[in-house]
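Visitor: Pasting a predicted model and its sequence here:
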Amino acid sequence: MALESPFIPYVAALKTAIHLTPDIKLLSVELEDPDIRVGFDYKPGQFALLSAFGEGEAPFGIVSLPEQGDGLEFAVRRIGTVTRALQELEPGDILGVRGPFGNYFPLEDYAGRNIIIIGGGIGMAPLRPVINRILQRRDDYEDLLIVNGARTPQDLVFQPEFPTWKAAPRTRLELTVDKGDENWKGRVALVPDVVKELAPSPDNAIAIICGPPIMIRFTLSVLKNLGFEDNQIVTTLEAKLKCGLGKCARCNIGEKYICQDGPVFTLEQISQFLEQP
Amino acid sequence: MKLFASRDDLICWLESLLQQRIVVAPVRVEGQTMFQPISKVEEIIFDFGNTTLSPKGWFLPPTETLFSVRRDDGQVELVPMLVEHDAVVFGLRPCDARGIALMDGPFLQEPSDTLYQERRSRTALVGLACHQAQPECFCTSMGSAPDDLSHVDILLTEVEDGYIVQVVTEKGKALLPKGWAKYKGKMPTPPQLKTIPTKEIVSAVRELFNDPYWERLADRCLHCNICAYVCPTCYCFDVRDYPDKGKVERVRSWESCQSPGFSLTAGGYDPRTTKGERLRQRFYHKLLYFPERFQEVGCVGCGRCGKACPVNIDIREVISDLQQLTEARSGS
């Protein structure tokens, strides 16, 4: 009997696709095989590879939570050929899913702590299931601060969820944009400056951060000035990996393979990599 | 177990193997000696230093279809590629057999790469011991030898009137005909190779990550990727879709960490933008990251990379430079 190839994706159908921003769509995907659908368990921070057959395959964070029960969700930004093909799919169209891969945010370990979520642009994608899981188990955590930045107001990714996030107990949502528009009454500032102004205390806190490298770089120095230690700062790394199986070596950085050792790392772990991502 | 086969015995045996299974052996292709499936035993080249490419391509082909996508009435069927034949790789050098054993590390670790695994389990390795070392050879410095039995099923050693046949595994034994006489004589002395210092190379590498050595070395690199192409242990790959007349194939092909854009992320960020960073990655993968994961240095000492490099970047020199740099550091 032939062995089952780990390169063959599960067949899935696109259920819905909605524009979150002009270039980001939320795809809701249902695996065709009911047994596989039930068995597909995952945690916030894990990723899957999506196939647009004929264009190729690319990795995406899973932005839903398994307990939502209504399919897997992915926030896909149009940036190349695969993402364009995925965005052009219509409900009912077939795509492929491989996964879940990688480690996850160890949210159980963060119980009883203040959580600071800092996201920029599409970097909010892997943070969305983190926020929603914390809100579901709100009593397990202390204060939640979310700092979300984007280029313009219409580029803020998970706007439909902002009212829920804002209304949650002991939760503060701070939005900021690089450039406002006539309707924008909020902050026009860079994410690191907002974090500096809000000055969250490092006491009993964990900061989870994802966004463009330049945002991460300056935000890290703000957090360090506030007294955050490297083991209090957590991020998730990106690579245009090809297999998710520890073989293609496209996500090899220093001694690590993002697909197997990551994608979630503390800054303390990253600072010990021989090669810096 | 050691047997003896005359040249005629060997040819007869190869003829019978060819009836039963695919025989992959060194043949001449446009002036190069290459491993290819043969149709006639006469095609086989017995007298060669080493082949231009290692036989890794039998297990990880330069391009191969992983599966194809068939669409029918809105239904999608994913059709896996299967390995349908038994095979024997005949005439590979012990260093290249070791190269395949090293590739087992990433490809057989869970979840295993099924195409690789099937080819590996359905292919026997019949090695040909080296009776002469080539100028580029340094296998003894990397834990192998011209007569290394460790990673073959059968090892042939040419002597004046035929071949000494060392039967290493059950898989090898099952391939052999009955009636070959036991060999009771001595084994010929293998060729002596120049050794290079490799002691504690793994720890030497670790300390030199930020040394200006890499940018200096890479100044002359053309990132032509020939080193990865000829290397028996380079295994990085790319995966792409090829649509053709309503059918789609998902194809894997060899790729190299020397290619600009190899580590480019979707967001446009690239942790390795300079040639020095990319060249360092190749050596670090072989001399540090691979041993950390799979307990062995990812180089077999075949010397193909240095021989093929158009600008003479030679891994032997790199290893020796790294050790000198380490010594200079600890001395200062």
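Guide: Now that the structure is in, tell me what you want to look at. Quick caveat, the model's predicted, so the values are computed rather than measured. Numbering: from 1, shown residues only, chains lettered A, B, ... in the order given.

Visitor: quick one: contacts for residue 235?
Guide: Looking at chain A here, since you left the chain open. A:208-210, A:216, A:264-267, A:270 (C-beta atoms under 8 Å, 6 or more residues apart in numbering or on different chains). Any C-beta I mention is one placed from the backbone N, CA and C, and that applies to glycine too.

Visitor: Not quite, go with chain B.
Guide: A:247, A:249, B:56, B:60, B:103, B:106-107.

Visitor: So it: helix, strand or coil?
Guide: coil (DSSP: H, G, I helix; E, B strand; the rest coil).

Visitor: Reformat the contacts of B:Y235 as JSON lines; add secondary structure.
Guide: Listed next are those as JSON lines, based on three-state DSSP:
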{"residue": "A:K247", "secondary structure": "coil"}
{"residue": "A:A249", "secondary structure": "coil"}
{"residue": "B:K56", "secondary structure": "helix"}
{"residue": "B:L60", "secondary structure": "coil"}
{"residue": "B:M103", "secondary structure": "helix"}
{"residue": "B:P106", "secondary structure": "helix"}
{"residue": "B:F107", "secondary structure": "helix"}
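
Visitor: Can I get these in TSV including distance to B:P310?
Guide: Formatted as TSV, the contacts of B:Y235 follow (distance: C-beta to C-beta, whole Å):
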residue	distance to B:P310
A:K247	29
A:A249	24
B:K56	22
B:L60	24
B:M103	26
B:P106	28
B:F107	30
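
Visitor: Flag every residue of the stretch 201-332 of chain B that's near chain A.
Guide: Within the stretch 201-332 of chain B, the positions lying close to chain A (C-beta under 8 Å from any C-beta of the partner chain) are B:206, B:209, B:235-241, B:243, B:248, B:250, B:252, B:255, B:257, B:262-267, B:269, B:271, B:281, B:284-285, B:288-289, B:292.

Visitor: Next step: these restricted to helices.
Guide: B:206, B:281, B:284, B:292 (DSSP state H).

Visitor: Nearest residue to the third one in space, please, no chain neighbours.
Guide: Okay, so that is B:Y284. B:V205 (6.4 Å; C-beta to C-beta, 6 or more residues apart in numbering or on different chains).

Visitor: Kindly report the domain assignment for the chain.
Guide: Going with chain A. A:10-101, A:107-236 (automatic domain parsing).

Visitor: To clarify, I was referring to chain B.
Guide: According to automatic domain parsing, the ranges for chain B are B:2-182, B:201-331.

Visitor: I'd like those domains written out as TSV, with mean pLDDT added.
Guide: Formatted as TSV, the domains of chain B follow (pLDDT from 0 to 100):
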stretch	mean pLDDT
domain B:2-182	96
domain B:201-331	93
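
Visitor: Nearest to A:D23 among those domains would be which one?
Guide: Closest to A:D23 of the domains of chain B is domain B:201-331 (C-beta to C-beta; 12.5 Å).

Visitor: And the closest one, end to end?
Guide: Domain B:201-331 stretches 17 Å from its first residue to its last (C-alpha to C-alpha, to the nearest Å).

Visitor: go on, stretch B:110-125?
Guide: Using C-alpha to C-alpha, first and last residues of stretch B:110-125 are 23 Å apart.

Visitor: and what of stretch B:182-195?
Guide: For stretch B:182-195, the end-to-end distance is 34 Å (C-alpha to C-alpha).

Visitor: got any ranges where the stretch 1-150 of chain A has weak pLDDT?
Guide: For the stretch 1-150 of chain A, the stretches flagged by pLDDT under 70 are A:1-2.

Visitor: where do the strands sit along the stretch 151-277 of chain A?
Guide: Using DSSP state E, counting those that start in this stretch, the strands of the stretch 151-277 of chain A run over residues A:171-177, A:187-188, A:205-210, A:233-236, A:252-253, A:256-257, A:264-266.

Visitor: okay if I get these as JSON lines plus mean pLDDT?
Guide: Below are the strands of the stretch 151-277 of chain A laid out as JSON lines (pLDDT from 0 to 100):
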{"stretch": "strand A:171-177", "mean pLDDT": "98"}
{"stretch": "strand A:187-188", "mean pLDDT": "97"}
{"stretch": "strand A:205-210", "mean pLDDT": "98"}
{"stretch": "strand A:233-236", "mean pLDDT": "97"}
{"stretch": "strand A:252-253", "mean pLDDT": "93"}
{"stretch": "strand A:256-257", "mean pLDDT": "94"}
{"stretch": "strand A:264-266", "mean pLDDT": "97"}
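
Visitor: Name the member of the contacts of B:Y235 that has the highest neighbour count.
Guide: A:K247 (28 neighbours; other C-beta atoms under 10 Å in any protein chain shown).

Visitor: And it, how far from chain B?
Guide: 5 Å (C-beta to the nearest C-beta, to the nearest Å).

Visitor: State the distance from the nearest residue to that residue once chain neighbours are set aside to B:S112.
Guide: In space, A:K247 comes closest to B:P106 once its chain neighbours are excluded; the distance is 5.0 Å by C-beta to C-beta, 6+ apart. Counting by C-beta to C-beta, to the nearest Å, the gap from B:P106 to B:S112 is 10 Å.

Visitor: Quick one, which of the domains of chain A gets closest to B:L176.
Guide: Nearest to B:L176, of the domains of chain A and by C-beta to C-beta, is domain A:10-101 at 42.4 Å.

Visitor: for that closest one, how far is the first residue from the last?
Guide: 14 Å.

Visitor: for that domain, the distance to its chain's centre please.
Guide: Offset of domain A:10-101 from its chain centre (C-alpha atoms, centre = their mean, to the nearest Å): 13 Å.

Visitor: One more: stretch A:175-186?
Guide: The mean C-alpha position of stretch A:175-186 is separated from the chain mean by 23 Å, C-alpha atoms, centre = their mean.

Visitor: Which pLDDT value belongs to B:K186?
Guide: Listed pLDDT for B:K186 reads 92.

Visitor: wouldn't B:I154 be in contact with B:A97 here?
Guide: No: the criterion here is C-beta atoms under 8 Å, and B:I154 misses it with B:A97 at 10.6 Å.

Visitor: Which of those two has more residues huddled nearby?
Guide: B:A97 (27 against 24).

Visitor: all helices for the chain, in order.
Guide: Here I'm looking at chain A. A:34-39, A:81-88, A:128-136, A:162-167, A:191-198, A:213-225, A:258-261, A:267-271.

Visitor: wait, chain B
Guide: B:7-20, B:56-59, B:94-108, B:114-122, B:170-175, B:201-207, B:213-218, B:226-230, B:275-284, B:290-294, B:304-308, B:315-331.

Visitor: for these, which one ends up most surrounded?
Guide: helix B:94-108 (a mean of 24; mean count of other C-beta atoms under 10 Å in any protein chain shown).
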